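Trainee: The following block contains a protein sequence and its predicted model.
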Amino acid sequence: MLNNLITINQCNVKDLKEIISLGRRFKSGQKKEPLRNKTAVLLFDKPSLRTKLSFMIGVKKLGGNAIYFSPEEVGMGNREPIKDVSTVISKMADLSIIRTFGQTIIEEYLDASSIPVINALTNEQHPCQALADIMTITEHFGDIENKNIVFIGDGNNVARSLSYAVTKLGGNFKIASPKNYFLDSKTVNLLNRNLSQNTFIQTSDIEQIIEDADIVYTDVWTSMGQEKENNKRLLDFKGFQVTSSLLDRASDNVKLMHDLPAHPGEEIEEGLLYDRRSIVFDQSENRLWAQMGLIDYIFSNM
């Protein structure tokens, strides 16, 4: 039973498939209001476009009321202790949606919460992005089993959550990064436990993994909070840009994905977001539908 979503690792195969199925039903026009007469609080320590927009609209579509707090308003852990913030919100609202920095912040928040908590992004995890991603892959390929998802870039929160979801559903996850930016050993151990017939490869050699790619996925080289590392990262990631010619070397039906915002000219070639092979904006839209599926799934289990 899924009562919260703090890491994508909490989801088993049934959870993932059911959430995506619910999301696709909402996208096809199904109406349902599990949040009728309920309030969701969006508590953000990091700014956002897609996350705020999709949750605000999604909560309303599900019959609820959404209240947003910007990074400057609460100062969770600074202006006021995390436990106090969580307890107050639990007394007045029905759902907490948290976008913050360290994973320990949301874990501490969850410990004090008596209402469901959804991780809308931490430095370590981006589970809602992973849900939208697997929904998008499913739309375009029918399912994920035996598909080759190739991630080119930093082994960051997006790669971490996506890798778990893909391998859990029987897909092959292959990531190319400079060695200093590989996925951490804890994530690798989790991935290896998911593997049956499917494959996980981590390499610095793009040529090793690009030829049979069904999906080529990339993300910014410098994420929020890493701005001081930008110059170093630009040098370290030289040669890891996703280009049109790189896509030409993948499978004939290859699709391009990026969680946005993008830095064209860095991790992705200028103009490539609008290439005929790009499904980036389907992916962006599916943040709305997958998150609606997630919320419906959580509240149906309560």
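Mentor: Alright, I've got the coordinates.

Trainee: for the protein, what spans make up the strands?
Mentor: 39-44, 65-69, 95-99, 117-121, 148-152, 172-176, 200-203, 215-218, 255-258 (DSSP state E).

Trainee: so the fifth one versus strand 172-176, what angle?
Mentor: Angle between the axes of strand 148-152 and strand 172-176 is 20 degrees (criterion: axes from the mean of the first three to the mean of the last three Cα atoms, to 10 degrees).

Trainee: thinking again about what came up before, would you mind putting the strands of the chain into TSV with distance to Lys52, mean neighbour count and mean pLDDT alongside?
Mentor: Any C-beta I mention is one placed from the backbone N, CA and C, and that applies to glycine too. TSV is the format used below for the strands of the chain (distance: least, Cβ to Cβ, whole Å; neighbours: other Cβ atoms under 10 Å; pLDDT from 0 to 100):
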stretch	distance to Lys52	mean neighbour count	mean pLDDT
strand 39-44	7	22	98
strand 65-69	7	16	97
strand 95-99	8	25	98
strand 117-121	9	25	98
strand 148-152	25	26	98
strand 172-176	28	25	97
strand 200-203	33	17	96
strand 215-218	23	27	98
strand 255-258	19	25	98
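
Trainee: In a markdown table, list those along with distance to Leu183.
Mentor: A markdown table is the format used below for the strands of the chain (distance: least, Cβ to Cβ, whole Å):
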| stretch | distance to Leu183 |
| --- | --- |
| strand 39-44 | 26 |
| strand 65-69 | 32 |
| strand 95-99 | 22 |
| strand 117-121 | 18 |
| strand 148-152 | 9 |
| strand 172-176 | 7 |
| strand 200-203 | 6 |
| strand 215-218 | 14 |
| strand 255-258 | 18 |
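
Trainee: can you tell which of those is closest to Leu272?
Mentor: strand 255-258 (6.7 Å; Cβ to Cβ).

Trainee: Return the list of helices and strands in contact with the closest one.
Mentor: Applying 3 or more Cβ pairs under 8 Å, 6 or more residues apart in numbering; DSSP states H and E, we find strand 255-258 packed against helix 127-141, strand 215-218, helix 280-300.

Trainee: Can you point out the buried residues in the longest one?
Mentor: Spelled out, it's helix 280-300. 280, 283-299 (16 or more other Cβ atoms under 10 Å).

Trainee: again with stretch 9-22
Mentor: Neighbour-count burial for stretch 9-22, counted by 16+ other Cβ under 10 Å, picks out 9, 11, 15-20, 22.

Trainee: where's the dip in pLDDT among these?
Mentor: Lowest in pLDDT among the buried residues of stretch 9-22 is Asn9, which has 93.

Trainee: pLDDT score for the closest residue to that one other than its chain neighbours?
Mentor: The shortest distance from Asn9 to any non-neighbouring residue, by Cβ to Cβ, 6 or more residues apart in numbering, is to Tyr164 (5.7 Å). Predicted confidence (pLDDT) for Tyr164: 95.

Trainee: Renumber starting at 81 from here on
Mentor: With 81 as the first residue, the last one maps to Tyr244.

Trainee: From Val238, how far out is the residue nearest to the spatial centre of the chain?
Mentor: Nearest to the geometric centre of the chain sits Gln209, at 2.0 Å (Cα atoms, centre = their mean). Shown here: Gln209 relative to Val238, a distance of 6 Å by Cβ to Cβ, to the nearest Å.

Trainee: residues making contact with stretch 337-345?
Mentor: Contact with stretch 337-345 is made by 129-130, 206, 209, 213, 216-217, 238, 295-302, 347-348, 350-353, 359-360, 363-364, as judged by Cβ atoms under 8 Å, 6 or more residues apart in numbering.
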